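In: predicted model, plus sequence, below.
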Amino acid sequence: MKLESGYDFFTANDYPSRKNSENRIGQFAHIDPGLLILIIQNVSGGLQVQHNGKWLNVNLKPNWIFVNVADHLEILTNGKYKSALHRVVVNNEVRRVTLPLFLGPSLDTVVTPAPEFTDDGHPPAYLGMTYKQYLEYNQFHVIDGKSCLNQIRL
Ligand SMILES: O=C(O)CCC(=O)C(=O)O
Ligand SMILES: [Fe+2]
């Protein structure tokens with residue numbers, strides 16, 4: 001995959017404080033588009049990652065950087081590195097702000113499993129699609145839980 005240039009974007013999430021709102025869902029379970037997502041936050045806790053069917057708290061302290069594996073690393077590695085299913089549970093009465101940076105390939109890059117991760121026993125397990133098409137698809141379908149990744153698995 002050509003990585004001389006890429007398409008990165010910053011987002012911001014604001015989870016306002018609310019009294020008596022233990023274990024409020026801040027973001028429902030989802031996976032992210034892109035290769036890697038870097039996240040910093042202003043308070044401890046809140047982010048959870050699913051592992052073996054269980055939700056684990058990510059021990060992320062203020063100003064630490066969390067590196068999340070996202071969909072296009074899963075595609076590139078033919079499923080060796082899985083896009084991490086994650087969600088946000090807001091547990092405290094403090095306003096929580098996070099700044100995720102989505103790092104991806106350029107918009108016209110068709111991401112397919114790299115030859116290094118495919119052989120006779122491991123044929124390509126994902127259809128190719130440009131990053132632009134993927135982002136557009138995700139924008140309209142991810143809300144109802146149908147990530148684009150599920151649609152391109154062979
Ligand atoms: O706010 C967080 O901790 C995670 C944000 C997130 O998963 C996202 O914006 O995709
Ligand atoms: Fe996310």
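Out: Arrived safely, thanks for sending. Numbers count the residues shown, from 1 in each chain. Ligands and ions are numbered 1, 2, ... in the order given.

In: wait, what's in contact with residue 134?
Out: Residues counted as contacts of residue 134 (CB atoms under 8 Å, 6 or more residues apart in numbering) are 33, 71-72, 111, 148. Just so you know, the C-beta spots here come from the backbone N, C-alpha and C atoms, and that holds for glycine as well.

In: so which of those residues is the closest to ligand 1?
Out: Distance ranking of the contacts of residue 134 against ligand 1, using CB to the nearest ligand atom, places residue 33 first at 9.3 Å.

In: wasn't that closest one part of a helix?
Out: No: counting by DSSP: H, G, I helix; E, B strand; the rest coil, residue 33 falls outside a helix, being coil.

In: related to what we said a few turns ago, can you redo the contacts of residue 134 as CSV with neighbour count?
Out: Listed next are the contacts of residue 134 as CSV, based on neighbours: other CB atoms under 10 Å:
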residue, neighbour count
33, 21
71, 25
72, 25
111, 23
148, 20
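
In: among the residues you listed, which lie within strands?
Out: Within the contacts of residue 134, residues falling in strands by DSSP state E are residue 111.

In: out of the contacts of residue 134, which two sit at the greatest distance?
Out: Spanning the widest gap among the contacts of residue 134 are 111 and 148, at 11.3 Å by CB to CB.

In: next, show the common contact partners of those two.
Out: With CB under 8 Å, 6+ apart, residue 111 and residue 148 have common neighbours 129, 134.
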